[in-house]
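A.B. asks: Okay, here's the prediction I keep looking at, along with the sequence it came from:
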Amino acid sequence: MHITKDLVAASASPLVLGILAQEESYGYAILKQVSELSGGQLEWSEGLLYPLLHRLERLGHVESYWRAPDGVRRRKYYRITEHGRAELAEQRRQWATVVDALRDIWSATSAPRTIEAPALEG
């Protein structure tokens, strides 16, 4: 299935903030987790993720630091801030509203319609 760029863009911030709300992480691990969470349906590139992380950092939603785990090259880690947690809560409320509206409209339009036969005059 192909997911449109608009939907990917709209869902990127809450996905990353949600991942970082669970634990701090670095770029490659975030990309891998997005893929795993979506069952492979979302395959983000570094060109999507890193500009998003930098924007979230400028907005104060995440902060970064460099760390070199045992025997591994130095990586830039990201963690969510309190401001980011508040933003995630707001985005969750907004997405819940959208999902509820979609569920309602889809259930209304997927219900079998009965076609009434025209009245016979006679």
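C.D. replies: Nice, thanks for sending it over.
A.B. asks: Give me the sheet partners of the helix or strand encompassing residue 63 and which way each runs.
C.D. replies: Assigned by DSSP states H and E, residue 63 belongs to strand 62-67. Paired strands of strand 62-67, with direction, are strand 75-80 (antiparallel) (DSSP bridges).
A.B. asks: Go through the strand holding residue 63 and flag the buried ones.
C.D. replies: 62, 63, 64 (16 or more other CB atoms under 10 Å). Placement of C-beta: from N, CA and C, glycine included.
A.B. asks: Any idea what the second one is bridged to?
C.D. replies: What it means is residue 63. With DSSP bridges as the rule, residue 63 is bridged to residue 79.
A.B. asks: dump the residue contacts of it.
C.D. replies: 57, 78, 79, 81 (CB atoms under 8 Å, 6 or more residues apart in numbering).
A.B. asks: how much does whichever helix or strand residue 98 is part of deviate in direction from strand 62-67?
C.D. replies: According to DSSP H and E, residue 98 maps onto helix 82-110. Counting by axes from the mean of the first three to the mean of the last three CA atoms, to 10 degrees, helix 82-110 lies at 120 degrees to strand 62-67.
A.B. asks: helices and strands around helix 82-110, which ones?
C.D. replies: Counting contacts by 3 or more CB pairs under 8 Å, 6 or more residues apart in numbering; DSSP states H and E, helix 82-110 packs against helix 5-22.
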